[in-house]
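Novice: coordinates only, no sequence provided:
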């Protein structure tokens, strides 16, 4: 199963069109602005990047993660695909 | 009257929403990809940038210009606004 | 003195353009320019409250905005349409006036210079 | 050897990323990688015929594409949807296979590595 | 007329150098004056002295320097320049770096020099990143 | 596991350095191996030795160099590096430039080193411009 790194709003759209349904996703950098439109069980958000931008992560929806969690996700998935359009 | 320099497709949209109807426009850089959607009398296209990208400029529609024409347009307009979203 | 409009159209932390443009706007005011700032499209993300640029070693844009009145940069505008499309609740301090597209057209047309072409 | 997909998602001449990625793809093939290239979104502008990068002192992407088969890079794909949306007539040489979004999903999922995160 | 130009993009990351140079040459050919070219944001990388031109490609740095020799001021934003690694001999000494990297004919200046150029000229034209 | 990281963005022009550094540190903390960090596109500017850190901001260059001291190879794409102005002492001599600009612990390498790192590692992770 793949892991998708989403770095921007346009990247989010391009990724959603082309990922396998239950692939894992991490929203990071400007990708965190997609928090309110992100759907699916397997979506994570890099909490520090959300805090930087003044985006608060609610208890439901995307799971907040730190870099240690990021590492665990990279262990479990391949390929790791970056989306930054 | 203003002169608008449009450097991208997103920039074209942002510019069209906010320019005065008969302001002058130059499509350049990736803005030349907007040739087929560009409307209005006062739209110009930097011919070299179109050629670089394999975009052919038909005899109707946006007027092909070179840098000497670009200079003349900058003499006649102010402010000169760049759009590169 | 000249009427200068600084346009912020990009997100605040992917790069440092917004911080650099705000610095230029402050200098414009110090040099007695008639300075306005327009936040449009993704630039309106700069107006979210409670940002923390220091977490990634960057300047915090929301704090820079609070400092603008000290530099007598008080004409702050935002595209109402861009805010609505992104469903944002923006900061209330300093005061930012929401403008329609038609009002932005007038704002741009009346300037001597417009600064801030952004990727 | 590894299956490598290079993704070109940006316009060709605003920066030199596309040229640099194509070079990396050629090197991948030289090192016996199983190399594919996918053009999607604004990347499909790379497939217009008759480009002239030399006019602004850059490599001509359409010429680089013609050279790919020489390097045994022959799996070239493009997003059909992206081409249609931009109303483009793309080059016929080298041969580029148009893929649906579902086919792109399969292409990506079967790779060992995917290269080419672009602005 | 008097012009101020601003270059916001790095070489190879945007067409801003090609546009700025070609317009500058056309302006001078039509007997306009360019008060100052201001390098801002990633535009400061245009002034790096260590660039090596790939074979068969344009030498944009030399073209900027030719403009400088014709009296056009090539002004690099000092705050943006030094944080990105474009430093003059003076800054090299102040920050105890091993070498300087600002090419000849360019100068590091404050943002005030952008504003004063704008104030003293008829047109301001910006080439984005 | 063995990892290859790729950094595509310039300092201040993207978060790629912050992301890459933080992930690299977390990988090493969890006893993974980083075979190589490859600097490509505008990422080559990360290796400029002349950068001056603004007061109160992070010294990203030193953090890269610390990784290098811990045995992580910091590999800069040579073609992308020299055309943008990131040159080693060897390239300085070859092209007769006044000074070199590649920071310590970084090396200029060909694109083959990207591919061979990918071939020899379990994961490839890219941080865009």
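Specialist: Cool, got the structure. Being a predicted model, the structure only gives us computed values, none of them experimental.
Novice: which parts of chain E sit against chain C?
Specialist: E:6, E:8, E:14, E:40-41, E:77, E:79-80, E:110-112, E:114-116, E:118-119, E:124, E:126-129 (C-beta under 8 Å from any C-beta of the partner chain). C-beta: built from backbone N, CA, C; applies to glycine.
Novice: among those residues, which lie within helices?
Specialist: E:79, E:80, E:112, E:114, E:115, E:116, E:118, E:119 (DSSP state H).
Novice: and residue E:37, bridged to which residues?
Specialist: residue E:5, residue E:74 (DSSP bridges).
Novice: ok, it touching residue E:74?
Specialist: Yes - the pair residue E:37 and residue E:74 passes the contact test of C-beta atoms under 8 Å, sitting 5.4 Å apart.
Novice: neighbours of residue A:31, just the number please.
Specialist: 27 (other C-beta atoms under 10 Å in any protein chain shown).
Novice: related to what we said a few turns ago, any common contacting residues for residue E:37 and residue E:74?
Specialist: Common neighbours of residue E:37 and residue E:74, counting by C-beta atoms under 8 Å, 6 or more residues apart in numbering or on different chains, are E:64, E:67.
Novice: tell me which of the two has more neighbours.
Specialist: Taking other C-beta under 10 Å, residue E:37 and residue E:74 do not tie; residue E:37 has more neighbours (26 against 22).
Novice: just checking, residue C:18 touches residue C:10?
Specialist: Yes - contact status for residue C:18 versus residue C:10: in contact at 6.5 Å, counting by C-beta under 8 Å.
Novice: which helix or strand contains residue A:60?
Specialist: In the assignment (DSSP states H and E), residue A:60 maps to no helix and no strand.
Novice: give me phi/psi at it?
Specialist: phi -100, psi 170 (degrees, to the nearest 10).
Novice: got it, and the one 5 residues further on?
Specialist: Note on residue A:65: its backbone torsions stand at phi -130, psi 160 [degrees, to the nearest 10].
Novice: give me the residue at the spatial middle of chain A.
Specialist: Compute the mean C-alpha point of chain A, and by C-alpha atoms, centre = their mean the closest residue is residue A:26, 2.0 Å away.
Novice: that residue in helix, strand or coil?
Specialist: Under DSSP: H, G, I helix; E, B strand; the rest coil, the three-state class of residue A:26 is strand.
Novice: circling back: joint contacts of residue C:18 and residue C:10?
Specialist: Counting by C-beta under 8 Å, 6+ apart, the residues touching both residue C:18 and residue C:10 are residue C:43.
Novice: contacting residues for the closest residue to residue C:82 other than its chain neighbours?
Specialist: Among residues not flanking residue C:82 along the chain, residue C:44 sits closest, at 4.7 Å (C-beta to C-beta, 6 or more residues apart in numbering or on different chains). Residue C:44 makes contacts with C:78, C:79, C:82, C:83, C:86, C:88, C:90, as judged by C-beta under 8 Å, 6+ apart.
Novice: quick revisit: tell me which of residue C:18 and residue C:10 has more neighbours.
Specialist: Higher neighbour count among residue C:18 and residue C:10: residue C:18, with 27 against 24, using other C-beta under 10 Å.
Novice: could you find the closest non-adjacent residue to the more buried one?
Specialist: residue C:12 (4.7 Å).
Novice: pretty sure that neighbour contacts residue C:47?
Specialist: No - using C-beta under 8 Å, residue C:12 is not in contact with residue C:47, being 9.3 Å away.
Novice: comparing the two, which residue is more hemmed in?
Specialist: Each of residue C:12 and residue C:47 has its neighbours counted (other C-beta under 10 Å); residue C:12 has more, 32 against 25.
Novice: helix or strand for the more buried one, which one?
Specialist: Going by DSSP H and E, residue C:12 is not part of any helix or strand.
Novice: enumerate every residue touching residue 6.
Specialist: As the question left the chain open, I've gone with chain A. A:12, A:15, A:25, A:26, A:27, A:28, A:31, A:34, A:83.
Novice: should've been chain C
Specialist: C:21, C:22, C:24, C:25, C:28, C:35, C:36, C:37, C:38, C:115, C:116.
Novice: among those, which one sits closest to residue C:52?
Specialist: The closest of those to residue C:52 turns out to be residue C:22 (C-beta to C-beta; 16.9 Å).
Novice: which of the three states applies to the closest one?
Specialist: helix.
Novice: look up which helix or strand the residue nearest to it when sequence neighbours are not counted falls in, please.
Specialist: Leaving out its chain neighbours, the residue that sits closest to residue C:22 by C-beta to C-beta, 6+ apart is residue C:64, at 5.0 Å. According to DSSP H and E, residue C:64 maps onto helix C:61-67.
Novice: need the pLDDT of the residue nearest to residue C:82.
Specialist: Residue C:44 carries a pLDDT value of 97.
Novice: so it sits in a helix?
Specialist: Yes - under three-state DSSP, residue C:44 falls within a helix.
Novice: distance of it from chain B?
Specialist: 13 Å (C-beta to the nearest C-beta, to the nearest Å).
Novice: biggest helix in chain E by residues?
Specialist: helix E:16-29.
Novice: start and end of stretch C:95-113, how far apart?
Specialist: 23 Å (C-alpha to C-alpha, to the nearest Å).
Novice: and the contacts of that stretch?
Specialist: B:2, B:17-20, B:23, B:78-79, B:81, C:2-5, C:36, C:38-40, C:47, C:76-81, C:83, C:90, C:114, E:118, E:124.
Novice: buried stuff in that stretch?
Specialist: By neighbour count on 16 or more other C-beta atoms under 10 Å in any protein chain shown, the buried set for stretch C:95-113 is C:96, C:98, C:99, C:104, C:105, C:107, C:108, C:109, C:111, C:112, C:113.
Novice: how many residues are close by residue 76?
Specialist: Assuming you mean chain A. 10.
Novice: try chain C instead
Specialist: Residue C:76, neighbours per other C-beta under 10 Å, totals 20.
Novice: so it touches residue C:94, yeah?
Specialist: Yes - because the distance of 6.1 Å satisfies C-beta under 8 Å, residue C:76 is recorded as touching residue C:94.
Novice: who touches both of the two?
Specialist: C:65, C:68.
Novice: in chain C, what residue comes closest to chain E?
Specialist: residue C:117 (3.5 Å; C-beta to the nearest C-beta).
Novice: any idea how many residues pack against that residue?
Specialist: 26.
Novice: ok, it - contacts?
Specialist: By C-beta under 8 Å, 6+ apart, the neighbours of residue C:117 are B:5, B:7, B:82, B:83, B:84, C:7, E:8, E:126, E:127, E:128, E:129.
Novice: out of these, who has the most neighbours?
Specialist: residue B:7 (33 neighbours).
Novice: gap between it and residue C:117?
Specialist: Between residue B:7 and residue C:117 the distance is 7 Å, computed by C-beta to C-beta, to the nearest Å.
Novice: find residues that contact each of those two.
Specialist: Common neighbours of residue B:7 and residue C:117 (C-beta under 8 Å, 6+ apart) are B:82, B:83, B:84, E:128.
Novice: any bit of stretch A:46-55 sitting next to chain C?
Specialist: Yes - for stretch A:46-55 and chain C, the contact criterion (C-beta under 8 Å from any C-beta) is met by A:48, A:49, A:51, A:52, A:53, A:54, A:55.
Novice: out of those, which touch chain D?
Specialist: Okay, of the residues of stretch A:46-55 next to chain C, nothing touches chain D (C-beta under 8 Å from any C-beta).
Novice: where does the closest residue to chain B within chain C fall, helix, sheet strand or coil?
Specialist: Nearest to chain B in chain C, going by C-beta to the nearest C-beta, is residue C:117, at a distance of 3.3 Å. What three-state DSSP gives for residue C:117 is coil.
Novice: just give the number of residues close to residue 56.
Specialist: Assuming you mean chain A. Residue A:56 has 10 nearby residues by other C-beta under 10 Å.
Novice: you answered for a different chain; I wanted chain E.
Specialist: Residue E:56 has 8 nearby residues by other C-beta under 10 Å.
Novice: give me phi/psi at it?
Specialist: phi 80, psi 0.
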